[in-house]
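Visitor: Predicted model and sequence follow; I will ask about them next.
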Amino acid sequence: MAYAFAEPDAWHTVPLEQRASRGVLGTDTCTVDGRHFIRGRIVAAVAGAGEFIWGVWAEVSKQSFARFGELWDVRLREHEPPLPGALANEIPLYPPTLNLTCRIRLQNRRARPIFAIEAADHPLAREQRDGMSLDRVKEIAALVFEHRK
């Protein structure tokens, strides 16, 4: 019960032949045109069925990006204060999500962080906070399948 974006939306704005000279895309970090991104998860409880996860990217400051890198191999890091960020993917099943502010809560060694959406009234934030039904997960799956056609 998860869908993920392979890269931040900003990566797609760079022509393919220029990407090597303008940025670096890794599995968990990305830099492009002096901007810094980290990969994480938006997690929502699913009633009676575990969790639903959106795998997304967030843009962070140069300082937060460096701190994330320093802590990547630290065994216990969830005690760290959250990092500020902004979602770097447009999730087309919701009202605009690009640039939604979030708090990035680090997890322990080499685990992707959890992004907590700050816009309390946004549907994505409500699902993260209140959870969702299995029917909603099925609806998302159908919409994602339709969108990928």
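Guide: That came through, no problem.

Visitor: okay, CA-based contacts and neighbour counts for the rest of this
Guide: Fine.

Visitor: Walking through this structure, point out its helices one by one.
Guide: With helices called from DSSP state H, the chain shows them at 9-12, 19-22, 62-71, 123-130, 134-148.

Visitor: now the strands for the protein?
Guide: Secondary structure of the chain (DSSP state E): strands located at 2-4, 23-25, 29-32, 35-46, 50-60, 83-87, 101-105, 114-117.

Visitor: Minimum distance to Asp73: which of those has it?
Guide: Smallest distance to Asp73 across the strands of the chain (C-alpha to C-alpha): 14.0 Å, for strand 29-32.

Visitor: quick one: contacts of that closest one?
Guide: With C-alpha atoms under 8 Å, 6 or more residues apart in numbering as the test, strand 29-32 has contacts from 7-8, 10-11, 19, 22-25, 36-39.

Visitor: what's around Ala4, how many residues?
Guide: Ala4 has 14 neighbouring residues, counting by other C-alpha atoms under 10 Å.

Visitor: what does Phe115 give?
Guide: Counted with other C-alpha under 10 Å, the neighbours of Phe115 add up to 29.

Visitor: and it, what is it in contact with?
Guide: Residues in contact with Phe115 (C-alpha under 8 Å, 6+ apart) are 40-43, 102-105.

Visitor: One more pass at 10 Å, please.
Guide: 39-43, 54-58, 82-87, 101-106, 128 (C-alpha atoms under 10 Å, 6 or more residues apart in numbering).

Visitor: rewinding a little: most tightly packed of the strands of the chain?
Guide: Most buried of the strands of the chain by mean neighbour count (mean count of other C-alpha atoms under 10 Å) is strand 114-117; its value is a mean of 24.

Visitor: picking that back up, same list (the helices of the chain) but as TSV, adding mean pLDDT.
Guide: Listed next are the helices of the chain as TSV, based on pLDDT from 0 to 100:
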stretch	mean pLDDT
helix 9-12	95
helix 19-22	94
helix 62-71	92
helix 123-130	94
helix 134-148	79
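
Visitor: just these: most buried one?
Guide: By mean count of other C-alpha under 10 Å, the helices of the chain have helix 123-130 as the most buried, with a mean of 18.

Visitor: give me the low-pLDDT residue ranges for the protein?
Guide: Low-confidence segments of the chain (pLDDT under 70): 146-149.
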